[in-house]
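>>> return atomic coordinates for the entry below.
(one chain, ligands or ions: 1)
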Amino acid sequence: MRIDEKTVAELRKLGVDVRQGISLADETSLGIGGTTHELLLERYETIPDVMRLLDARKIPHRFLGGGTNVLIADGELPWVVLHLPKAKPGMRVEGNTAYVDASADLGGMVTFCAKHDLGGMEGLIGVPGSVGGALRMNAGAYGTQIGPLVREVELYRASKGEIETLRGADIHFDYRHTSFAPDDVMLRVTLELASKPYREILAGIRVCNEKRRASQPLNQKSAGCIFKNPPGGSAGRMIDELQLKGHRVGDAMVSDRHANFFVNTGHASCSDMMKLIDDVRERVHGAFGVELENEVIFWQN
Ligand code: EPU
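This next block holds a predicted model:
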């Protein structure tokens, strides 16, 4: 797709840095994705204007967070990718409250808060990605989910074209699911955290890191777990029981460490990964009668 010069100039006036012909394979933890243009926003406040401009020019667009839970199509993509402003550190604390930008790194937030003696997020330490992505999916690990800690979320509500603030109590957080609309864009979050001494939090973080290192392929390109766990079951265990570890389509492979992680061992395409996902889903369905639901988000063209 093309963005004409006039639109590029107008975007620049709104403080948007336009980068053309970027490979999203370089921006995702799976190392998979085609090419498009990237728009880097300078300030949160300009988002409604930028979105209005893109809509008026009929330029399809998507916000990319950390790129750690998404499977993006190959080839030239028919939409542009937006990135939220990235302030450093993008977070501050006051008493037991943390104010965090959605673009901040999730692990960075856990350690920043720990240094201010605020805990309860130890389980989230190794979950890769941005705070915004974690919020949208209600990321969780080792008994901790981000949802219950949320006091307020500031978001761009695309359906109204406005920035809004929602109270945590009015947001429904479920297992890897939230009540946000698909086109809501997370901007900032306020979290209410428990006081805990730094050393104690650090000890909890170490335990989670060790568990993760022992069971997950952390040094390979992946998007974490591919499927959600079915109620009362474990996708990883079922795939493992079918002896599918190491099963591959091209360079897309079921991890030999954790069967619900599918890794890119070289130059896997999106279509390789999709075929592998479909194949494993069908085999699990055939053997256990369970239809696995994707945990990874598909961005197809
Ligand atoms: N198991 C196997 N073989 C495998 C993998 C797992 O037998 O190859 C068994 C384990 O032995 C264990 C059970 O399956 O008895 C569950 O495994 P694990 O503890 O690794 O947890 P999981 O349910 O597979 C979930 C989350 C992970 C999160 C871990 C730790 C989902 C889909 N996955 O994995 O989150 O890190 O718990 O809390 O909910 C992610 O969201 O992307 C993700 C990786």
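>>> does the closest residue to the ligand within the stretch 1-150 of the chain have beta-bridge partners, and which?
Taking C-beta to the nearest ligand atom as the measure, the stretch 1-150 of the chain has A141 as its residue closest to the ligand, at 3.8 Å. Glycine gets a C-beta too; all of them are placed from N, C-alpha and C. Note on A141: beta-bridge partners by DSSP bridges are T144.
>>> residue numbering should commence at 6 henceforth.
Done: numbering now begins at 6, and the last item shifts to A146.
>>> please enumerate the helices of the stretch 156-305 of the chain.
Remark: helices assigned in the stretch 156-305 of the chain by DSSP state H, counting those that start in this stretch are 203-220, 240-246, 275-293.
>>> export the ones you listed to TSV and tack on distance to the ligand?
Listed next are those as TSV, based on distance: least, C-beta to the nearest ligand atom, whole Å:
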stretch	distance to the ligand
helix 203-220	5
helix 240-246	3
helix 275-293	12
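>>> would you turn those into JSON lines with mean neighbour count, distance to F117 and mean pLDDT?
Output for the helices of the stretch 156-305 of the chain, formatted as JSON lines (neighbours: other C-beta atoms under 10 Å; distance: least, C-beta to C-beta, whole Å; pLDDT from 0 to 100):
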{"stretch": "helix 203-220", "mean neighbour count": "14", "distance to F117": "11", "mean pLDDT": "97"}
{"stretch": "helix 240-246", "mean neighbour count": "19", "distance to F117": "31", "mean pLDDT": "98"}
{"stretch": "helix 275-293", "mean neighbour count": "17", "distance to F117": "33", "mean pLDDT": "98"}
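>>> okay, these in JSON lines with distance to A257 next?
Conversion of the helices of the stretch 156-305 of the chain to JSON lines gives the following (distance: least, C-beta to C-beta, whole Å):
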{"stretch": "helix 203-220", "distance to A257": "21"}
{"stretch": "helix 240-246", "distance to A257": "14"}
{"stretch": "helix 275-293", "distance to A257": "4"}
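>>> at the geometric centre of this structure, which residue sits there?
The centroid of the chain falls nearest to G138 when counting by C-alpha atoms, centre = their mean (3.8 Å).
>>> would you mind listing what in the protein touches the ligand?
Taking C-beta under 6 Å from any ligand atom as the contact definition, the chain meets the ligand at 146-147, 220, 229-230, 233-234, 239-242, 245, 263-265, 300.
>>> quick one on the thing from earlier: so which strand or helix has the residue nearest to the centre of the chain?
Assigned by DSSP states H and E, G138 falls within helix 136-142.
>>> what about the residue of the stretch 156-305 of the chain found nearest the ligand, distance to L223?
Residue nearest to the ligand within the stretch 156-305 of the chain: G229 (2.6 Å; C-beta to the nearest ligand atom). Distance of G229 to L223, computed by C-beta to C-beta, to the nearest Å: 10 Å.
>>> before we move on, back to that, tell me how many other residues crowd the residue of the stretch 6-155 of the chain closest to the ligand.
18 (other C-beta atoms under 10 Å).
>>> contacts only, for it.
By C-beta atoms under 8 Å, 6 or more residues apart in numbering, A146 lies in contact with G128, L129, G131, V132, C213, R217.
>>> setting the sequence-adjacent residues aside, check what's closest to the last one.
Nearest non-adjacent residue to R217, counting by C-beta to C-beta, 6 or more residues apart in numbering: G131, 4.4 Å away.
>>> in the record's domain split, what are the boundaries for the protein?
Following automatic domain parsing, one gets these domains for the chain: 10-88, 96-204, 223-304.
>>> OK, contacts around I206?
Contact analysis of I206 by C-beta under 8 Å, 6+ apart lists A119, D122, G124, E127.
>>> ok, the last one touching C213?
Think E127. Yes - contact criterion C-beta atoms under 8 Å: E127 and C213 qualify, at 5.7 Å.
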